[in-house]
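**Q** Below are the sequence and a predicted model; questions follow.
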Amino acid sequence: MSDDNMNKIEQALRTAYQQSESPVQPGEHWRRQVMERISAAEETVQLPQAEPFSVPTLFSGATRILEVSPAMVWGFATACSLCAIVVGAVAFYSSSGMDPYMFSMIVDDPVFETLALLAL
Amino acid sequence: MTRSAANIHWQNEDDLNIVQRVLNGNRNDFELLMTRYQNYVFKIISGILPNEVVEEMAQDVFIEVYRSLSKFNDQMSFKKWLAGITVHRSYDYWRRYYRNREVPLSALTPSHQEWIDGIISHHATEQFERDEARQEASELLDYALADLSEKDRIALTLVYLEGLTVKEAAKVLGWSAINVRVRAHRSREKMRQKIAPLLQKEGAHV
């Protein structure tokens, strides 16, 4: 076997593939079916995405609010981490004059009560 | 404008213009794209899937194309973009329903060997003029691709058979260019290894 013969076969297979025709031919009925499916399902063409952080973008997901994408998960995790850091820093700097009872109350309380206390 | 003049007008119209009109809300203009490329899509699907599912798959392809039109841009031709979606979707279907229907060596007949002998003997032109020869070539291609995974077949079909560049195939498939390049190269080597024993029998029947 030579590379030359292999190249010939490969080229012939490629040509045969490109020159082939489908034994099944599309007709008017088939085309109408596709258009009907498009219309019946009220398929809508996806419009180009608006600029990030623009008002349309912020509200565009309102109808798909239950869909969770990896980007949303990571965004939520980042926001939670930042909140924890802020709350931790505030608690640390404001705890110098705090008595042990107050400190344990902040640590034990649910997050919302702790935030309410800090706000006071 | 007369009807025939209108026909000539849209036949020469750029795909991108038609796509833009569909995106602007002229849904019916999508039929122009279908009319233009339906035979091409049917041909690709017929090479991958059995005849009985070709029409259904072609419908699914055009529905997906319609839904994804906004993602199309002029960085590649509409035809290549369409080929990418068609090949990807067809092999996805093939993997689910036809993966285990491989073509054994015994399925090849003396006529396939004659086809190979004819190609090697510089009778390629005559070979392609025979309908049976086209069928034999198609079956040989099926045989050569039989051991490849779905993704390897996709890469090989798009890059070596449909003629997309590695970059274009990567863009259509959402894969990295390296991934497409490696898969296309590896699957081509596997295809050649599968065909090699048939060449060694050159002049003899299978």
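**A** Arrived safely, thanks for sending.
**Q** Tell me which residue is most central in chain B.
**A** Most central residue of chain B, judged by C-alpha distance to the mean C-alpha position with C-alpha atoms, centre = their mean, is B:I44 at 3.8 Å.
**Q** ok, and the helix or strand in the chain with the lowest average confidence?
**A** You didn't say which chain, so I picked chain A. helix A:55-60 (a mean of 51; mean pLDDT, DSSP states H and E).
**Q** You answered for a different chain; I wanted chain B.
**A** Sorting the helices and strands of chain B by mean pLDDT, DSSP H and E puts helix B:124-129 at the bottom, at a mean of 56.
**Q** Quick check on B:E162: phi, psi?
**A** phi -90, psi -20 (degrees, to the nearest 10).
**Q** separation between the residue nearest to it when sequence neighbours are not counted and chain A?
**A** Spatial nearest neighbour of B:E162, chain neighbours left out: B:A83 (4.8 Å); criterion: C-beta to C-beta, 6 or more residues apart in numbering or on different chains. All C-beta atoms are positioned from the backbone trio N, CA, C, and that covers glycine. Distance of B:A83 to chain A, given as C-beta to the nearest C-beta, to the nearest Å: 11 Å.
**Q** Check B:A83 and give its pLDDT.
**A** Looking at B:A83, its pLDDT is 91.
**Q** Where do the helices of chain B begin and end?
**A** Ranges of helices in chain B, per DSSP state H, are B:3-12, B:15-23, B:30-46, B:54-67, B:78-97, B:110-120, B:124-129, B:131-145, B:150-156, B:166-173, B:177-200.
**Q** ugh, wrong one, I meant chain A
**A** A:3-19, A:28-40, A:55-60, A:70-93, A:100-108, A:111-119.
**Q** looking at those helices, which has the lowest confidence?
**A** Comparing mean pLDDT across the helices of chain A, the weakest is helix A:55-60, with a mean of 51.
**Q** burial count for B:A144?
**A** Counted by other C-beta atoms under 10 Å in any protein chain shown, the residues lying close to B:A144 total 22.
**Q** Repeat that for the one 5 residues further on.
**A** For B:S149, the count of nearby residues is 15 (other C-beta under 10 Å).
**Q** distance of it from chain A?
**A** Counting by C-beta to the nearest C-beta - B:S149 and chain A are separated by 19 Å.
**Q** buried ones in stretch B:139-152?
**A** Using 16 or more other C-beta atoms under 10 Å in any protein chain shown as the test for burial, stretch B:139-152 gives B:E139, B:L140, B:L141, B:Y143, B:A144, B:L145, B:A146, B:L148, B:K151, B:D152.
**Q** same check, this time on stretch A:21-33
**A** In terms of neighbour count (16+ other C-beta under 10 Å), stretch A:21-33 has its buried residues at A:S22, A:V24, A:P26, A:W30, A:R31.
**Q** Count the residues that sit near the residue of chain B found nearest chain A.
**A** Chain B approaches chain A most closely through B:A137 (3.3 Å), counting by C-beta to the nearest C-beta. The number of residues packed near B:A137 is 25, by other C-beta under 10 Å.
**Q** Now for it: which residues touch it?
**A** For B:A137, the contacting residues are A:A12, A:L13, A:A16, A:Y17, A:S20, B:W115, B:Q127, taking C-beta atoms under 8 Å, 6 or more residues apart in numbering or on different chains as the criterion.
**Q** Tell me the confidence at B:Q20?
**A** 91.
**Q** Model confidence for B:R188, exactly?
**A** Turning to B:R188, the model gives it a pLDDT of 91.
**Q** can I assume the residue nearest to the centre of chain B is in contact with B:R89?
**A** No - assessed by C-beta atoms under 8 Å, B:I44 is found out of contact with B:R89, at 9.9 Å.
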